[in-house]
Every structure is written in C-alpha cells, then in structure tokens.
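In: my questions concern the predicted model and sequence given below.
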Amino acid sequence: MERTFIAIKPDAVQRGLVGQIISRFEAKGFTLVGLKMMMVSRELAEKHYDVHKERPFFNGLVDFIISSPIVAMVWEGEGVVASARKIIGATNPLTSEPGTIRGDYGISIGRNLIHGSDAIETAQREISLWFKEEELAIWEPGLTKWIVE
Ligand code: IDP
Ligand code: MG
C-alpha cells in the first residue's frame, strides 16, 4: 500500500493548527500509520532537505525546522503521495489554491506550514529517514470498506 511522509512544520504547531491539518487527511479517508511530535536535530533536517543544500534558502530552512517542535507522520492509502501534495497546495502559499492547507493558512514561502513527499521514491526515502519500522502501525480501519470500493 502506498505511503507518504508528512511533517507539520514549526509554524503550524506554534499556531495551533495540528488538529485542523490532521483532520484534512483523516476526512479524505487516508489512514494514519505513524505519528510523533519531536524536536528535529540539525543532522536530520540537513539530511531531509539534502536536495536543496546548494540553494540560498537552505540554512534558513534548516534553522527554521529545528527551531521548535514538528509533528512527523506517515499516511497510507491509494494514490496518497500525489493526493497529499494537492491537499497541501503549491509551495508558495500566496499562489496555493484556497481550499489547500497552504492556500488557507499561509502567506510566506518560508512559513508554509507543512511538508509532503513529492514522489513515491522520495516518500520511501523520507519514511525510512524519519521512522523506524516498529514505529509504524499496520492496521486496516473498519471504515475502509465504506471509503474504498
Ligand atoms: P515543497 O515543500 O512544496 O516540496 P520545495 O521546493 O521542495 O517545496 O522546498 C522545500 C521547502 O523549502 C519549502 O516547503 C519551503 O519551506 C522552503 N523554500 C522553498 N523555496 C524557498 C524560498 O525561495 N525561500 C524560502 N524558503 C523556501
Ligand atoms: Mg519538496
């Protein structure tokens, strides 16, 4: 079953948006299989954003991610990687569509509330970077038959 890595960033945690953000993925019908609140080490933040290490915003981004707790999650479901990216919205909240998380709650690209894996292979890499296998629950909600045909 397809899985994606989602992180609620420090700005969204500080603003008290954790519940509202989690609700959007629950309401859609995806299954939560991993969840932890944590302070992120610089090493983990740098590994996670390794692809951006040459970009001018890299140091500021890492400093931001380690500045305050985040909520790391793994969500599961058919097509969850691409669908979560749509639920999250475009990187710059000023151009994200209303109805998306970034479009509804954000203004600034450096305070865009949430991370979601951008492809299935990226999701696999990120899930193994952030979670141990035993931290993930293998379960099928009783509601699944009412959500997935
Ligand atoms: P994504 O989060 O939508 O996948 P990426 O291009 O992968 O966007 O960038 C990773 C993160 O880096 C963004 O979510 C944002 O927090 C930050 N970022 C990207 N571009 C900029 C920028 O131009 N200025 C400041 N921060 C940026
Ligand atoms: Mg990205």
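Out: Right, received. Where do you want to start? Residues are numbered from 1 along each chain as shown. Ligands and ions are numbered 1, 2, ... in the order given.

In: who in this protein is up against ligand 1?
Out: Those residues of the chain that sit near ligand 1, judged by C-beta under 6 Å from any ligand atom, are 52, 57, 61, 91, 109-110, 112, 115, 118. Quick note: C-beta positions are derived from backbone N, CA and C, even for glycine.

In: determine which two of these are furthest apart.
Out: Spanning the widest gap among the residues of the chain next to ligand 1 are G110 and D118, at 18.1 Å by C-beta to C-beta.

In: quick check: pLDDT value at the closest residue in space to S108 that isn't next to it in sequence.
Out: Closest residue to S108 apart from its sequence neighbours, by C-beta to C-beta, 6 or more residues apart in numbering: P93 at 6.7 Å. Listed pLDDT for P93 reads 98.

In: now do R102
Out: Looking at R102, the pLDDT reads 98.

In: would you map the helices across this protein?
Out: For the chain, the helices defined by DSSP state H occupy 10-14, 18-28, 42-48, 58-65, 80-88, 101-105, 120-130, 144-147.

In: from S117, how far out is the residue nearest to S108?
Out: According to C-beta to C-beta, to the nearest Å, P93 and S117 sit 19 Å apart.

In: those two: which has the busier surroundings?
Out: Ranked by neighbour count (other C-beta atoms under 10 Å), P93 and S117 place S117 first, with 24 against 21.

In: hang on, the earlier thing: least confident of the helices of the chain, on average?
Out: Among the helices of the chain, helix 144-147 scores lowest, at a mean of 94.

In: could you save the helices of the chain as CSV and add columns showing distance to A137?
Out: Formatted as CSV, the helices of the chain follow (distance: least, C-beta to C-beta, whole Å):
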stretch, distance to A137
helix 10-14, 22
helix 18-28, 14
helix 42-48, 22
helix 58-65, 25
helix 80-88, 15
helix 101-105, 23
helix 120-130, 13
helix 144-147, 14
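
In: same list, those, but as CSV with mean neighbour count please.
Out: Shown next, in CSV, are the helices of the chain (neighbours: other C-beta atoms under 10 Å):
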stretch, mean neighbour count
helix 10-14, 19
helix 18-28, 15
helix 42-48, 16
helix 58-65, 16
helix 80-88, 20
helix 101-105, 20
helix 120-130, 17
helix 144-147, 11
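
In: how about these, which one is nearest V74?
Out: Between V74 and those, the tightest spacing by C-beta to C-beta is seen for helix 120-130, at 5.5 Å.
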